[in-house]
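Trainee: When you get a sec, could you give me coordinates for this:
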Amino acid sequence: MFDSQRPTESGWVFGYGSLVWRPAFPFLERRPGYILGWARRFWQGSTDHRGVPEAPGRVVTLIPAPQQRCWGVAYRVAADAWEQVIDTLDHRERGGFDRKRVTVEFRGCDRAAVEALVYVATERNPHYLGPAADSEIAAQIRNAHGPSGPNAEYALELAAALRSMDADDDHVFAIADLLAAAV
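Mentor: Predicted coordinates for the structure are as follows:
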């Protein structure tokens, strides 16, 4: 598990799911970036935000994928806000996500890579759903709704945010296209 001790100046958080389009925490800086060796997949069940226990939604997690690049957003958080932000994220990601360290790189920028905290759900958690056909994933997302709203909103907002960053993600775009075609 990632050591979430308060940084001396500021720390970084990397978002690849809803944090890309709805961080809901204070930050000093927001930068599109990517991590190497990971791919984003709609393989995590959501029973507390985008679904309910009897009808889980699907949200993204990361899976190891050598040679792949996963785009998202890195947020620089002030040291004096770090503990509050981590507490907020721990609550938000409580449904099976663990903290990890990743190196975030930036496109077309002089900034060096940064080490960041990221939340990843693995097959070891009880809400992990794993792979399925895109059509099955889209159908489950289309029908799921939870306290944070419709699961389809999550998928479509993520796809729109990634497209606006000019970030490619075949899996997310395929699911979003299936959802949009059903409207």
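Trainee: what residue lies at the spatial centre of the chain?
Mentor: Central residue of the chain (C-alpha atoms, centre = their mean): G17, 2.4 Å from the mean position.
Trainee: quick one, phi/psi of it?
Mentor: phi -120, psi -120 (degrees, to the nearest 10).
Trainee: In this structure it contacts L158, no?
Mentor: Yes - G17 is within contact range of L158, at 6.3 Å (criterion: C-beta atoms under 8 Å). Any C-beta I mention is one placed from the backbone N, CA and C, and that applies to glycine too.
Trainee: Pull up the overlap in contacts between these two.
Mentor: V60 (C-beta atoms under 8 Å, 6 or more residues apart in numbering).
Trainee: Apart from its chain neighbours, what residue comes closest to the residue nearest to the centre of the chain?
Mentor: Among residues not flanking G17 along the chain, V60 sits closest, at 4.5 Å (C-beta to C-beta, 6 or more residues apart in numbering).
Trainee: Give me the number of neighbouring residues for the one you found.
Mentor: Applying other C-beta atoms under 10 Å, we find 26 residues neighbouring V60.
Trainee: which SSE is it in?
Mentor: strand 57-78 (DSSP states H and E).
Trainee: next helix or strand past that strand?
Mentor: Assignment by DSSP H and E places the next element after strand 57-78 at helix 79-92.
Trainee: and the helix or strand just after that following helix, what other elements does it pack with?
Mentor: Once helix 79-92 ends, the next helix or strand along the chain (criterion: DSSP H and E) is strand 97-104. For strand 97-104, the packing partners by 3 or more C-beta pairs under 8 Å, 6 or more residues apart in numbering; DSSP states H and E come out as strand 10-15, strand 29-46, strand 57-78, strand 114-121.
Trainee: Export the longest one to CSV, keeping only CA atoms.
Mentor: In CSV, the C-alpha atoms belonging to strand 57-78 read as follows (Å, rounded to 0.1, in the frame of the first residue of the first chain):
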residue,chain,number,x,y,z
GLY,A,57,-22.3,-0.8,-12.0
ARG,A,58,-18.9,-1.0,-13.7
VAL,A,59,-16.1,1.5,-13.2
VAL,A,60,-12.5,1.5,-14.5
THR,A,61,-9.5,0.1,-12.9
LEU,A,62,-5.9,-0.5,-14.1
ILE,A,63,-4.4,-3.8,-15.2
PRO,A,64,-0.8,-4.4,-15.9
ALA,A,65,-0.1,-4.0,-19.7
PRO,A,66,3.5,-3.9,-20.8
GLN,A,67,4.2,-1.3,-23.5
GLN,A,68,0.8,0.4,-23.0
ARG,A,69,0.2,4.0,-22.0
CYS,A,70,-2.8,5.0,-19.8
TRP,A,71,-3.7,8.7,-20.0
GLY,A,72,-5.3,10.6,-17.2
VAL,A,73,-4.8,13.7,-15.1
ALA,A,74,-2.2,14.4,-12.4
TYR,A,75,-3.2,16.8,-9.7
ARG,A,76,-0.6,18.6,-7.5
VAL,A,77,-2.0,18.9,-4.0
ALA,A,78,-0.7,21.3,-1.3
